[in-house]
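Undergrad: sequence unavailable; structure follows:
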């Protein structure tokens with residue numbers, strides 16, 4: 001996949017049942033999920049997407065995940 005740096009915003013999904021978090025450097029790279037579903041959950045138009053609640057990662061979280 002080609003990268004789209006100007007549009008990349010890291011996202012974190014939290015499993016509604018287990019609390020487990022998944023991190024993707026952008027919704028574009030979230031395999032198994034739909035970008036539009038993630039964006040709707042983040043914007044509030046949907047409560048969740050595929051059993052996960054979604055939000056944008058903070059700067060601290062982006063730094064943490066990029067170093068691991």
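TA: Great, that's in hand. Note that the structure is predicted; figures quoted are calculated from it, not measured.
Undergrad: ok, and the helix or strand in this protein with the lowest average confidence?
TA: Counting by mean pLDDT, DSSP states H and E, the chain has its least confident helix or strand at helix 59-67, which shows a mean of 92.
Undergrad: can you give me the mean pLDDT across stretch 10-23?
TA: Regarding stretch 10-23, the rounded mean pLDDT is 97.
Undergrad: span of that stretch from start to end?
TA: Its start and end residues considered, stretch 10-23 measures 7 Å (C-alpha to C-alpha, to the nearest Å).
Undergrad: same deal with stretch 50-68?
TA: Taking C-alpha to C-alpha as the criterion, the two ends of stretch 50-68 lie 26 Å apart.
Undergrad: please point out which parts of that stretch sit buried.
TA: 52, 53, 54, 57, 62 (16 or more other C-beta atoms under 10 Å). Backbone N, C-alpha and C define where each C-beta goes, glycine included.
Undergrad: could you do stretch 28-36 as well?
TA: Counting neighbours by 16+ other C-beta under 10 Å, the buried set in stretch 28-36 is 28, 30, 33.
Undergrad: closest one of the residues you listed to residue 16?
TA: residue 33 (13.7 Å; C-beta to C-beta).
Undergrad: contacting residues for the nearest residue to that closest one once chain neighbours are set aside?
TA: Nearest non-adjacent residue to residue 33, counting by C-beta to C-beta, 6 or more residues apart in numbering: residue 50, 5.7 Å away. Residues in contact with residue 50, defined by C-beta atoms under 8 Å, 6 or more residues apart in numbering, are 32, 33, 34, 37.
Undergrad: rerun at 10 Å
TA: When the contact criterion is C-beta atoms under 10 Å, 6 or more residues apart in numbering, the partners of residue 50 are 13, 15, 16, 30, 32, 33, 34, 37, 38, 41.
Undergrad: and what of residue 43?
TA: With contacts taken as C-beta under 10 Å, 6+ apart, residue 43 has the following neighbours: residue 54.
Undergrad: on that earlier part again, nearest to residue 8 among the buried residues of stretch 28-36?
TA: Within the set of the buried residues of stretch 28-36, residue 28 lies nearest residue 8; the separation is 7.2 Å, counting by C-beta to C-beta.
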